[in-house]
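In: I'll drop the sequence and a predicted model, then ask my questions.
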Amino acid sequence: MQKMPKWADVALIPLINLMIAFLISAIVIFAIGENPWMALRTMVEGTLLRAEGWGYMLYYATNFMFTGLAVSVAFHAAQFNIGGEGQATMGGLGVALVCLAFPWPHWTVALLAATAGAALFGAVWAAIPAWLQARRGSHIVITTIMFNFIAASVLNYLLSNVMRPMGSMDPSSARFPDGAKLPTLHDMPILGQIFDKNTPANITLFIALAACVLVWVLIWKTRLGYMIRAFGKSEAAAKYAGISPFKIIMISMIISGALSGMMALNTVMGYSEKLILNSVEGAGFIGIAVSLMGRSHPFGVLLASLLFGFLYQGGAELALWTSIPRELITVIQALVIMFTGALDNMVRTPVERLFLTLRREGRG
């Protein structure tokens, strides 16, 4: 028997966790001598009440949607993919190689090719730890973490010694051709009336939204998705039903890596317009928190991505207009992660007891 309604598990528990995290954050802000209400007001006004703030929030949220979906797909197969950072890094390399390969005639053609490049490089980088897990028994958490550092080192070498333009001191690739420049929200009909020309949010946002829908279809509406969920719930039962562990581990991790790699479309192709060091900026790790908070459901990932996008942009507003250090946003993010992940049972257990008590009283 289910201990509490589905809506309570999906919405109520994360909401309570979020409220506790924000309450403790307010106490921390008050303890350092600042006004929590003014801090919240600054974040809301700077992020939600200005078009430029919305542009940056949606830019960050796009990154988190890709990496959050990546963690979610792997998690449904009981694979804890912590390698989103490295997979997105290699996805950026795939984007750069594609964009610099030809003088692209139009961004639509370049985007299709770059999407394939990003997904391929991210998928390959995830497939290696997946194979080690499926064939050699290597723990997926350890190998994916190790591959984050390997990816960073590979990119550092390539940008410093191979891809850096002649005479440049900056460890980055050449700028992409004009035909590979993605339109921002300002460049689009109707949206151009809302967002200004400095907005970093671009057409990749719609690819991320489409990815949310496609992942939902994959996991809940296809035979493969059913096999992934069955394997994640019970490996022994899945094997008894004829489901191949090797196949599920490889497929789920390849899809996960491809999604992480596609994050580079937003940062490398859409924003930097060239490959730079640290273009991922921690989004691979934030994707873990996004997936946990969104209960590994694409709609939950979308909402959690918007929340973390708000926190990222709100942190910039605090650093700009108040004496509150931007590092405090890292503290708030850590509190959100802690309560939605590690301390989830601290809220879940009493809520389950409450619903069980109400159910008994209703029967009585």
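Out: Cool, got the structure. Numbering: from 1, shown residues only.
In: Run a quick neighbour tally on residue 348.
Out: Residue 348: 18 surrounding residues under other C-beta atoms under 10 Å. Where you see a C-beta, it was placed from the backbone N, CA and C, and this is true even at glycine.
In: Let me see the contact set for it.
Out: residue 13 (C-beta atoms under 8 Å, 6 or more residues apart in numbering).
In: What mean pLDDT does the helix or strand that it is a member of get?
Out: Residue 348 belongs to helix 344-363 when assigned by DSSP states H and E. Averaged across helix 344-363, pLDDT comes to 81.
In: Ok, stretch 7-23 next?
Out: Per-residue scores along stretch 7-23 average to 83.
In: Show me which residues of it are buried.
Out: 8, 9, 12, 13, 14, 16, 17, 18, 20, 21, 22 (16 or more other C-beta atoms under 10 Å).
In: so how far is the helix holding residue 348 off the chain centroid?
Out: Chain-centre distance of helix 344-363: 32 Å, with C-alpha atoms, centre = their mean, to the nearest Å.
In: One more: stretch 47-62?
Out: Worked out by C-alpha atoms, centre = their mean, stretch 47-62 lies 16 Å from the chain centre.
In: Please identify the helix or strand for the residue nearest to residue 326 when sequence neighbours are not counted.
Out: Nearest-residue entry for residue 326: residue 319, 3.7 Å, with adjacent residues in sequence omitted and distances by C-beta to C-beta, 6 or more residues apart in numbering. Per DSSP H and E: residue 319 is located in helix 298-321.
In: What is that helix packed up against?
Out: For helix 298-321, the packing partners by 3 or more C-beta pairs under 8 Å, 6 or more residues apart in numbering; DSSP states H and E come out as helix 13-31, helix 36-48, helix 51-76, helix 204-221, helix 283-293, helix 327-337.
In: on contacts alone, who are the packing partners of the fifth one?
Out: Under the contact criterion of 3+ C-beta pairs under 8 Å, 6+ apart, helix 283-293 touches helix 13-31, helix 51-76, helix 84-99, helix 298-321, helix 327-337.
In: and the angle for whichever strand or helix holds residue 126 with helix 51-76?
Out: Per DSSP H and E: residue 126 is located in helix 107-131. Angle, helix 107-131 to helix 51-76, by axes from the mean of the first three to the mean of the last three C-alpha atoms, to 10 degrees: 40 degrees.
In: Quick check: residue 102 is in a strand.
Out: No. Assigned with DSSP: H, G, I helix; E, B strand; the rest coil, residue 102 falls outside any strand and is coil.
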